[in-house]
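Mind folding the following:
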Amino acid sequence: MDLGHMRPGDISFVSYMPNLEYLLLCDTEIRDISPIANCKKLKYLELFSNSISDFSPLAGCTALEDVNLGFNPIKDISGLYELENLKNIWITGFSLKKEQRQMLEESHPDARIVYATVSAVCDGWRELPNYYKQRDLLGMFYMKDDA
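Residues are numbered from 1 along each chain as shown. Coordinates of the predicted model:
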């Protein structure tokens, strides 16, 4: 589902979509992502350019492989620490506290973690296999990285 660059406001309906695998909510002005916790099969998630500070609900997304949290006022990323399937984590535009960064890197030593500040989709975000899969499912063209 691609709701990127729209203004859905309330995303509570997502809690009724447990089989959702791809979700794009970039640049939507959402703040509360708690409904996403019910999406146990979610693999690919774009949340960049919003006003989200609490990412703890992501702990429920146990199949999550790729997540982009860039350009959010991040306070709590504890929901990511226990996600065993994470392969790619983009946290661009904001600095994490030293402890958060250390915990993230220790909990996901084999994951690719991008902390760049240039763009939310820089350094290969739009080259990930799940990026192509979700674009194909949506029947949409491929976009290139900004930087």
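
okay, now the closest residue to residue 88 other than its chain neighbours: neighbour count?
Nearest residue to residue 88, sequence neighbours excluded (CB to CB, 6 or more residues apart in numbering): residue 66, at 4.4 Å. Where you see a C-beta, it was placed from the backbone N, CA and C, and this is true even at glycine. Residue 66: 24 surrounding residues under other CB atoms under 10 Å.

for residue 66, what are its contacts?
Neighbour list for residue 66: 43-45, 86-88, 128, 130-131 [criterion: CB atoms under 8 Å, 6 or more residues apart in numbering].

could I get those residues as CSV with neighbour count, distance to residue 143 and pLDDT?
Formatted as CSV, the contacts of residue 66 follow (neighbours: other CB atoms under 10 Å; distance: CB to CB, whole Å; pLDDT from 0 to 100):
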residue, neighbour count, distance to residue 143, pLDDT
43, 21, 19, 98
44, 21, 14, 98
45, 25, 17, 98
86, 23, 23, 98
87, 16, 20, 98
88, 21, 17, 98
128, 18, 12, 95
130, 16, 14, 97
131, 21, 9, 95
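
now these in JSON lines, with secondary structure and distance to residue 79?
Putting those into JSON lines (DSSP: H, G, I helix; E, B strand; the rest coil; distance: CB to CB, whole Å) gives the following:
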{"residue": "43", "secondary structure": "coil", "distance to residue 79": "16"}
{"residue": "44", "secondary structure": "strand", "distance to residue 79": "16"}
{"residue": "45", "secondary structure": "strand", "distance to residue 79": "11"}
{"residue": "86", "secondary structure": "coil", "distance to residue 79": "11"}
{"residue": "87", "secondary structure": "coil", "distance to residue 79": "16"}
{"residue": "88", "secondary structure": "strand", "distance to residue 79": "16"}
{"residue": "128", "secondary structure": "coil", "distance to residue 79": "20"}
{"residue": "130", "secondary structure": "helix", "distance to residue 79": "19"}
{"residue": "131", "secondary structure": "helix", "distance to residue 79": "22"}
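
if we can go back for a sec, any idea what the residue nearest to residue 88 is bridged to?
On the basis of DSSP bridges, residue 66 is bridged to residue 44, residue 88.
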